[in-house]
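S.K.: whatever this is, show me its structure:
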Amino acid sequence: MNDIITVNKRDFTVKAKQLRRSGIVPGSVFGGPLSDSISLQIDEGIARRLIRHKREGSKIKLDLDGQLIPVQIKEKTLNTLNNEILHISFQALKADQKVNSVIHIILKNTEKITESLESMLLEIPYAAFPEDMIDTITIDVDGMAVGTVITVADIPELMSEKIDLQVEKEEVVLRIADKKHSAVRAAAQEDQ
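M.R.: Below is the predicted model of the structure:
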């Protein structure tokens, strides 16, 4: 997916519902160097590709009237009943200003784990300057033994001085437990 998407200023003579019916998704961009937020409209095809290939916290550039605005995807609102994209919000980025975001943890080869894989923390909140932002971190679980516990501190990318974590380093990202132990723990939690 291209990291530059073309957007237009929103036409307020048309209601949001009518925009969506005509294949246009409403959106907005705010923060960073912008003095005021700007209401946008995005072609639905572009918006669908964007949410399929990028996540909240992903960095892209908006092409608004020929001006490139570096942004992160801040929030996407979806109607899951009819697969409709209701709204996409972007936060404009300023090179010398730290921004809050999330790192998405992607687990690879989960189908190879025959025991119980417990994923605890798949989004890690942090703050960083735009150039130091991290979109995703992939952890390959293939070959991990029962008893393996991975904490935030065990992931080298998260220990960079360039990012300010907003979680404790001891927080568990994932744990591999035997199925019997996992079932006992689940039953104990239900009793509480």
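
S.K.: ramachandran coordinates for the most centrally placed residue in the chain?
M.R.: Closest to where the C-alpha atoms of the chain average out (Cα atoms, centre = their mean) is residue 56, at 2.9 Å. Phi and psi for residue 56, reported as degrees, to the nearest 10, are phi -60, psi 130.

S.K.: any idea how far residue 147 is from it?
M.R.: Distance, residue 56 to residue 147, using Cβ to Cβ, to the nearest Å: 33 Å. Just so you know, the C-beta spots here come from the backbone N, C-alpha and C atoms, and that holds for glycine as well.

S.K.: same thing with residue 24?
M.R.: From residue 24 over to residue 147 the distance is 52 Å, taken as Cβ to Cβ.

S.K.: for those two, indicate the residue with more neighbours.
M.R.: Comparing residue 24 with residue 147 by neighbour count (other Cβ atoms under 10 Å), the higher total belongs to residue 24, at 20 against 11.

S.K.: just the pLDDT for the more buried one.
M.R.: Looking at residue 24, its pLDDT is 94.

S.K.: just the element for the residue found closest to the residue nearest to the centre of the chain once you drop the neighbours it is linked to in the chain, please.
M.R.: With Cβ to Cβ, 6 or more residues apart in numbering as the criterion, residue 56 has its nearest non-adjacent residue at 5.2 Å, and that residue is residue 73. Using DSSP states H and E, residue 73 sits in strand 67-79.

S.K.: in three-state terms, label residue 153 for me.
M.R.: Three-state assignment for residue 153 (DSSP: H, G, I helix; E, B strand; the rest coil): helix.

S.K.: do I have it right that the residue nearest to the centre of the chain meets residue 102?
M.R.: Yes - using Cβ atoms under 8 Å, residue 56 is in contact with residue 102, at 6.4 Å.

S.K.: right, and the helix or strand after the host helix or strand of residue 86?
M.R.: Per DSSP H and E: residue 86 is located in strand 84-92. The C-terminal neighbour of strand 84-92 among helices and strands, as given by DSSP H and E, is strand 99-108.

S.K.: so where's this structure uncertain?
M.R.: Applying pLDDT under 70 to the chain flags residues 1-2, 179-192.

S.K.: what segments of it are strands?
M.R.: Secondary structure of the chain (DSSP state E): strands located at 4-9, 24-30, 38-43, 59-64, 67-79, 84-92, 99-108, 116-119, 123-128, 136-140, 149-151, 163-165, 172-177.
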